[in-house]
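Undergrad: No sequence on hand, only this structure:
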């Protein structure tokens, strides 16, 4: 998939030797990509906390929180598969929605119409200014992959980078098998 194929709903996989610890072996769901810049969430960096521990006046909810990226780490975002229930949410890929009315979200959680397996919460986000992501793609920092809802709602986050890289096939399957921290010197 070429850098020109980049659009909302794709997954960015960090190349295996990326040294930026924020993105090392990360799988980033791209939720917005336009001429002004890009925004996404790291899908596989679990934090040891629950969302109801982070947000005051939030219903008790056994949902994990993930590190979405190094930008605005004082914000909470969410991606879910119940777009038709949650007004103001935006579809980013088939069966994957971003955001939505926060008060309605709390109501749907309290009513048990949204369960932990329907939603992922993120602290902060990953952002790129105008042209920055394209430059990074040209440099080879990222591999672009198709999004599958199973990556978000069924896969183990700790296996996600390797799973998506392997699903690309060919050379990427070999890259997926490389041990973390491989050093060829």
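TA: Arrived safely, thanks for sending. Just so it is clear, the model here is predicted, and its values are computed rather than measured.

Undergrad: For residue 168, give me its contacts.
TA: The contact partners of residue 168, by CB atoms under 8 Å, 6 or more residues apart in numbering, come to 143, 145. The way it works is simple: take the backbone N, C-alpha and C, and place the C-beta from them, glycine included.

Undergrad: Likewise for residue 98?
TA: By CB under 8 Å, 6+ apart, residue 98 lies in contact with 31, 77, 78, 79, 89, 90, 92.

Undergrad: cutoff 6 Å now
TA: Listed by CB atoms under 6 Å, 6 or more residues apart in numbering, the contact set of residue 98 reads 31, 79, 90, 92.

Undergrad: Among those, which one sits closest to residue 54?
TA: Nearest to residue 54, judged by CB to CB, of the contacts of residue 98 is residue 79 at 16.0 Å.

Undergrad: Bridged to the closest one, which residues?
TA: For residue 79, the beta-bridge partners are residue 98, residue 120 (DSSP bridges).

Undergrad: Am I right that it is in contact with residue 121?
TA: No. Between residue 79 and residue 121 there is no contact under CB atoms under 6 Å: 8.4 Å.

Undergrad: Which residues outside the helix or strand of the chain with the lowest mean pLDDT are in contact with it?
TA: Taking mean pLDDT, DSSP states H and E as the measure, the helices and strands of the chain show their lowest mean at helix 170-176, namely a mean of 74. Contact with helix 170-176 is made by 16, 162, 165, 166, as judged by CB under 6 Å, 6+ apart.
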